[in-house]
Structures are given as structure tokens and as C-alpha cells.
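> Predicted model follows, preceded by the sequence.
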Amino acid sequence: MVAGATGWLVGLAIPAAIVGFVHGWLAGDRRIYPWRRAAGVAAFVLDHSWALLTTTASVLSQAVSWARRDSVYIAALSERQARHVFAGGYRLRKGFAITVGTTVSGLADTSERRWKLVTDHEDCHVWQARLFGPLYVVLYVGWMITAAVAGTVIAVTRRRPLAATVEAFSYYNNPFEWWAYSREGRWPPPRLAGHVKWRGPIVQSLSAKRESRAARR
């Protein structure tokens, strides 16, 4: 109903209602939303209204994951966590997880390091998509394209490695990635190879916050 009402505002009530039904059914069956917390209720409302575009993309990414034999749903990282997490499944680059709306996929394994990647880094992207809604796609992709052009010019004029320079400018220095890597406590990431635009983390890492809370106890 929330998704259908949102779609009605732009003349797409039926397609929006279908997306809302599919995602809502998946979320309910997997029990991903923590209903006893205000953040869980807010996540549900945002996912099916303001962030409906990225939620639609999330459903499509899950469809791709279902078609892959290496896709494994990870309930321990999903239930009451307001996200769907898959090992394997949809991914754009080997060795890199990818977050599309509420769905995280492409985990290479379920080691402790990869779990932290989901809880500290990828979950940050899930909430970025919720908070920025349709602007998230425009801003993220817009930065990547513009920065890729700038990185290419710099690589050519200053005789730097093309691939590494473009990757550093378009991906690693993307403000949304800066935010997520800072949350993970890995800023600057080692692959930046000296092309650091942002000198320090934008926010405190979640690990530091946990340690601070533990010390106060």
C-alpha cells in the first residue's frame, strides 16, 4: 500500500505496488525488519516510499542472484538487520561485494572480515540509499562519470597509470565510498595508491564507537 501510494504520485501506482508487494513479501518471509526499533519502522517506510527506486533495483539484483548457482542467502546477516545479504550472486567485480538498495551480494566468503564488511561498510550504503532516495543514484553515478573523466585527463597529462588513477578518482574518492570506508575504519584504503582526495575519515568508525561504549561500561 505504501509503495502503491508513492507510485500513484508519479502515475505508476500499479508497477510500484507490484514492487512493494514482492519486496514486502521477501522482507516479511525473511523477517529482515526489526519492528521493535524505531529505525526498523523507518527503514520499512523509506524502502517503500522515498527509496522505492533503489528498492526496485534491489529486487532486480536479487532476481539475478537467484539465477546464479553460487548464490547463498545469509540469514544471520539479514534477519532483523533491515537488509538482504547473499554470498555469491550478483556482482560487478570479483572480490568486491555490491549493495543495491536493501540487498548486499557478491560476498566471497563468510569469514569474520567479510561479516564486518557487511555490518560496517555495506550497511552504510543500504542507509545511504534509504536517506538519499532517488538522489543517491544520480549523485553516486554522476560522481563516478565526472571523476572518471577528470582521472583520465590527469593520468594522461601527468603520465600516471590510467586504470589506477581512474579507479581512485571515480570509486575510492566518491563521497559515498569515503563515508562507507570511514565507517569500516579503513580510510584511506590501501588501493588508493597515493591518489587521496579526502585526507581523513569523514566519520568515526563503528569499531571505535563500539570500543568507546565498551570502555564506558
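Looks like it arrived, so ask away.
> what helices or strands is whichever helix in the chain runs longest leaning on?
Selection of the longest helix in the chain by residue count, based on DSSP state H, yields helix 134-157. Here helix 134-157 touches helix 52-67, helix 123-132, helix 162-167, helix 175-184, going by 3 or more Cβ pairs under 8 Å, 6 or more residues apart in numbering; DSSP states H and E. Where C-beta positions appear, they are placed from N, C-alpha and C, glycine not excepted.
> Low-confidence regions, this structure specifically.
110, 191-194, 196, 214-215, 217 (pLDDT under 70).
> May I have the secondary structure class of Phe86?
strand (DSSP: H, G, I helix; E, B strand; the rest coil).
> Assess the claim that it and Val104 are in contact.
Yes. If you go by Cβ atoms under 8 Å, Phe86 and Val104 touch, sitting 7.0 Å apart.
> higher neighbour count, these two?
Val104 (30 against 25; other Cβ atoms under 10 Å).
> check which helix or strand covers that one.
strand 103-107 (DSSP states H and E).
> now that strand against helix 52-67, angle please.
40 degrees (axes from the mean of the first three to the mean of the last three Cα atoms, to 10 degrees).
> So what touches the following helix or strand past strand 103-107?
Heading C-terminal from strand 103-107, the first helix or strand you meet, by DSSP H and E, is helix 112-116. Outside of helix 112-116, the residues within contact range by Cβ atoms under 8 Å, 6 or more residues apart in numbering are 77, 97, 107-108, 184, 207.
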